[in-house]
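>>> whatever this is, show me its structure:
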Amino acid sequence: MKAVSPVITRQTTMWKAWIGFNASHSFGALLFGAIYGYLALAKSALLFQSTFLAIVGGLLLAGYIILGKLYWFRVPFRGIVLASILYAGGFVASRI
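You can find the predicted model right below:
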């Protein structure tokens, strides 16, 4: 992977593309956790009363479940399923 150039450009290798892809997608998961964690702790009324934020968060977690099932091994897949269950439980509890 370190020696092969993608067809797009000779300025990078498959290794660099792979590392960049994984790092950028990890940033997305960290950003999701940071934003929703902050909203849950500091601005809970905004988060729990916003149907839009609830749906967007649920869709992102559903997307991670699909990716996890297709491409990840069991531990991260189970972690994201657990996070999704807790997210759904928090959503339901906030509506009661």
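>>> contacts and neighbour counts: CA atoms only from here.
Noted.
>>> scan the protein for its longest helix.
Of all the segments of type helix in the chain, defined by DSSP state H, the longest one is helix 14-42.
>>> name the helices or strands packed onto that one?
helix 44-49 (3 or more C-alpha pairs under 8 Å, 6 or more residues apart in numbering; DSSP states H and E).
>>> who touches the helix it packs on?
In this structure, residues lying in contact with helix 44-49 by C-alpha atoms under 8 Å, 6 or more residues apart in numbering are 36, 39-40, 53-54, 91, 94-95.
>>> between those, which sits nearest Ala29?
Tyr36 (10.7 Å; C-alpha to C-alpha).
>>> just want the most central residue of the protein.
With distances taken as C-alpha atoms, centre = their mean, the chain has Ala29 as the residue nearest its mean C-alpha position (3.7 Å).
>>> sorry, back to before: quick one: mean pLDDT for the longest helix of the chain?
Here helix 14-42 scores 86 as its mean pLDDT.
>>> next, the buried residues of it.
Tyr36 (16 or more other C-alpha atoms under 10 Å).
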